[in-house]
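Undergrad: what shape does this take:
(one chain, ligands or ions: 1)
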Amino acid sequence: MHQNGGHCQPALYCGDPEISRLEIQNYHYISQMIQNCGIDCDWQPRGAVTAFFTDDDFARAIEKLEKSKDDMPEIMGYLRVVSPQSKSPSLRDLGVPKAKGAILNTLAASLWPYKLIARVVEDLIEQRPEFNLQTNTPVQSIEPVAESSARSWRLRTSRGNCMVKHVLLATNGYTSHLLPSMKHIIRPVRGNMIAGHGGAELLLHNSYGLVDELTGEEYKDLQRTNRRLVGDGEYLMQRPSEHQMNGMGKSPILTLGGARFMIPNSGYGLSDDSVIDQPANEFLRGRLSQVLDVVAQAPNDFKVTHEWTGILGYSKDGSPWIGELQDGLWLCVGYSGHGMPQAALCAVRVATMILEHFPGFSRKAESQIQLPTRFLITPERLKSNRFPNLGTSRLSSQGVVWRSWQSGLFLLMALGSWVWHHESSR
Ligand SMILES: Cc1cc2nc3c(=O)[nH]c(=O)nc-3n(C[C@H](O)[C@H](O)[C@H](O)COP(=O)(O)OP(=O)(O)OC[C@H]3O[C@@H](n4cnc5c(N)ncnc54)[C@H](O)[C@@H]3O)c2cc1C
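TA: Numbering: from 1, shown residues only. Okay, the predicted model is just below:
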C-alpha cells in the first residue's frame with residue numbers, strides 16, 4: 001500500500017456500466033468516510049486528465065466514451081472531452097499542448113493511502129478489543145482440515161497456527177504463493193514509481209494519465225524491452241507538501257509511475273519488490289519534460305528524491321476476483337492496478353457474504369452493494385481464464401498482515417467481531 005501512487009479515479013468510460021456504478025459508489029464511500037471520521041490523509045478531489053498523444057488512442061477513447069454514454073448518460077456530468085480545437089479548457093490550459101486530445105474526469109482525487117489506512121488501524125485497535133492484528137506474520141500455507149466434519153482451514157504461520165471456518169485472502173499479486181492453482185489467473189506484476197519536488201511554479205491543478213505509443217522522432221533511440229500495451233502509459237499525481245499544507249511555502253511533491261514496457265515481460269511474473277528497474281525509472285525521469293508544459297519550461301526544477309517498486313496483482317481478464325473459491329475459502333484479489341476505486345467496496349461486500357453465513361447477521365446496506373457480474377467467482381470464469389504456465393508468486397520481503405491494506409482493512413472493519421480459533425503451534 002505504501003507503494004501505491006494514491007490516485008483514486010473511477011473508470012467512467014470503461015464500457016461496463018456495472019463497473020462504473022460501483023466505482024462511483026466506492027469513490028463516495030471513501031470520501032465520506034474520510035470526511036465523517038476526520039482522517040488526515042491529503043485527500044484532494046482534483047480533475048484527472050487523460051492525455052492522448054496519438055490520434056488513434058484519442059479516437060479509441062472517444063469511441064468507448066460514446067458507447068458508455070449510451071448506457072449511462074450521467075457520466076457526462078463528470079467528463080469533458082478536450083480536442084485540439086477546444087477553447088475552455090484548451091489542451092494548453094490542461095498543461096498538455098502536444099496532446100492530440102484529452103478527457104478530463106472531475107470525479108477523481110489524490111491521497112496518501114498509507115495515512116488513511118494507518119488511521120483506520122489505529123481506530124480499530126483503540127475501539128475494538130476483539131481486533132487482533134499479527135504483524136510480521138506471513139501465512140505460510142493454507143490447507144483444508146480433513147478430520148473435521150464441518151470444513152475448516154488451517155493457516156500455518158511462523159508464530160503458530162490458526163483453525164478457521166472461513167478465511168479470506170486479500171493477498172492480491174501474492175495469491176498464488178498460498179494457492180498455487182491461482183497462478184493461472186492472477187499474476188504478480190512489478191510497478192515502478194518516482195517522486196520528487198517541483199519548483200515553486202510547478203503547481204498542477206489536475207492529476208494525469210499519459211497515453212501514447214511512443215512512436216515519434218523523440219523516441220527513436222529508446223531502448224525498450226516490450227511494445228506498449230494499448231492504453232498503457234504513465235500516471236502523475238501531485239501531493240501537497242508538508243510546507244504547503246502548513247501555508248509555509250510551495251513545493252509540491254509529484255509522483256509518477258508506469259513505464260512498464262521498459263522492463264522484461266512488462267513486469268509480469270515479478271514478485272520481488274526489493275529491486276528497482278532502472279530503465280523504467282530513467283524513462284520516468286525524462287518523461288515529464290516531454291509532455292507536461294510546466295515542466296518543459298523549467299525541466300531542472302523537478303528533482304527526484306525517491307524511487308521504489310511495488311507488486312500489483314493482474315488478473316487474466318483484467319477484473320478482480322471476488323467471492324468464494326471453495327467452501328469457506330474466499331478471495332478479494334486481482335485489482336489489476338486499479339484498486340483505489342474498487343477495493344474498499346469489494347472488500348465490504350465479500351465480508352458481508354461471509355457474515356451472511358452466521359445466524360442473526362443483518363446489515364442490509366452492505367448486503368445490497370452490487371458487485372459487477374464480471375468480478376464474481378464462477379466455475380465458468382475459472383475455466384475460461386488461464387495465463388500460460390508460470391511460476392507462483394513469492395513473498396520477497398516479509399509478507400506481513402500489517403501491509404495487507406486496502407482490502408484487508410476494509411474487510412477487517414466489516415468483520416469487526418470476527419473470532420479466530422487458535423491452534424497451538426506444532
Ligand atoms: C507502484 C504502484 C503504484 C500504484 N498506484 C496506484 C494508483 O495510483 N491508483 C490505484 O488505484 N492503484 C494503484 N496501484 C494498485 C494498488 O496499489 C492495488 O490495486 C491495491 O494495493 C490492492 O490492494 P490489496 O489490499 O488488495 O492488495 P495489496 O495492497 O497488494 O496488499 C496485499 C498484501 O498482502 C500481503 N500478503 C501477501 N501474502 C501474504 C501472506 N501469505 N501472509 C500475510 N500477508 C500476505 C502482502 O504483504 C501485501 O501487503 C499501485 C500499485 C503499485 C505497486
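
Undergrad: what's the pLDDT at residue 354?
TA: The model reports residue 354 with a pLDDT of 94.

Undergrad: measure it to residue 330 for me?
TA: For residue 354, the distance to residue 330 (C-beta to C-beta, to the nearest Å) stands at 6 Å. Every residue, glycine included, has its C-beta placed from N, CA and C.

Undergrad: is the spatially most central residue of the chain in a helix, a strand, or coil?
TA: The C-alpha lying nearest the average C-alpha coordinate of the chain belongs to residue 339 (C-alpha atoms, centre = their mean; 2.8 Å). Three-state call for residue 339 (DSSP: H, G, I helix; E, B strand; the rest coil): coil.

Undergrad: any shared contact partners between residue 354 and residue 330?
TA: Contact with both residue 354 and residue 330 is made by residues 166, 168, according to C-beta atoms under 8 Å, 6 or more residues apart in numbering.

Undergrad: that older thread, so the residue nearest to the centre of the chain versus residue 170, what's the distance?
TA: For residue 339, the distance to residue 170 equals 10 Å [C-beta to C-beta].

Undergrad: quick one: the strands in the stretch 51-200 of the chain?
TA: 79-82, 101-105, 109-110, 139-144, 153-157, 160-164, 167-169, 186-197 (DSSP state E, counting those that start in this stretch).

Undergrad: strands paired with the fourth one, and their directions?
TA: Each strand paired with strand 139-144, and its direction, by DSSP bridges: strand 153-157 (antiparallel).

Undergrad: how about the CA coordinates for the strand it pairs with, as CSV?
TA: Taking Å, rounded to 0.1, in the frame of the first residue of the first chain, the C-alpha atoms of strand 153-157 are listed here in CSV:
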residue,chain,number,x,y,z
TRP,A,153,-9.0,-24.4,7.2
ARG,A,154,-5.6,-24.5,8.9
LEU,A,155,-3.4,-21.5,8.4
ARG,A,156,0.3,-22.1,9.3
THR,A,157,2.5,-19.2,10.4
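
Undergrad: indicate which one of the strands of the stretch 51-200 of the chain is closest to residue 226.
TA: Closest approach to residue 226 among the strands of the stretch 51-200 of the chain is made by strand 186-197 (12.3 Å; C-beta to C-beta).

Undergrad: near the ligand at all, the closest one?
TA: Yes: counting by C-beta under 6 Å from any ligand atom, the ligand is contacted by strand 186-197 at 191, 193.

Undergrad: after that strand comes which helix or strand?
TA: Using DSSP states H and E, the next helix or strand after strand 186-197 towards the C-terminus is strand 206-211.

Undergrad: give me the residues contacting that following strand.
TA: Residues external to strand 206-211 that are found in contact with it (C-beta under 8 Å, 6+ apart): 7, 9, 46-53, 57, 61, 94-96, 104, 108, 110, 231-238, 258, 287, 291-292.

Undergrad: next step: those residues restricted to helices.
TA: 57, 61, 287, 291 (DSSP state H).

Undergrad: which ones among the residues you listed also lie next to the ligand?
TA: Filtering the ones in helices among the contacts of strand 206-211 for neighbours of the ligand using C-beta under 6 Å from any ligand atom leaves an empty set.

Undergrad: pick out the residue of the protein closest to the ligand.
TA: Shortest the chain-to-the ligand distance, computed as C-beta to the nearest ligand atom: residue-wise this is residue 339, at 2.1 Å.

Undergrad: these two touch, right, that residue and residue 191?
TA: No: taking contacts as C-beta atoms under 8 Å, residue 339 lies outside contact range of residue 191: 11.7 Å.

Undergrad: so what sits against both of those two?
TA: By C-beta under 8 Å, 6+ apart, residue 339 and residue 191 have no common neighbours.

Undergrad: pull out the buried residues from the contacts of strand 206-211.
TA: 7, 9, 47-53, 57, 61, 94-96, 104, 108, 110, 232-238, 258, 287, 291-292 (16 or more other C-beta atoms under 10 Å).

Undergrad: dump the residue contacts of residue 280.
TA: When contacts are counted by C-beta under 8 Å, 6+ apart, residue 280 is found next to 192, 258, 259, 260, 262, 263.

Undergrad: how about it, secondary structure?
TA: Residue 280 - assigned by three-state DSSP - is helix.

Undergrad: where in this structure is pLDDT low?
TA: Within the chain, the stretches falling below the threshold (pLDDT under 70) are 1-2, 147-151, 198-203, 229-231, 241-251, 294, 296, 298-300, 388-426.
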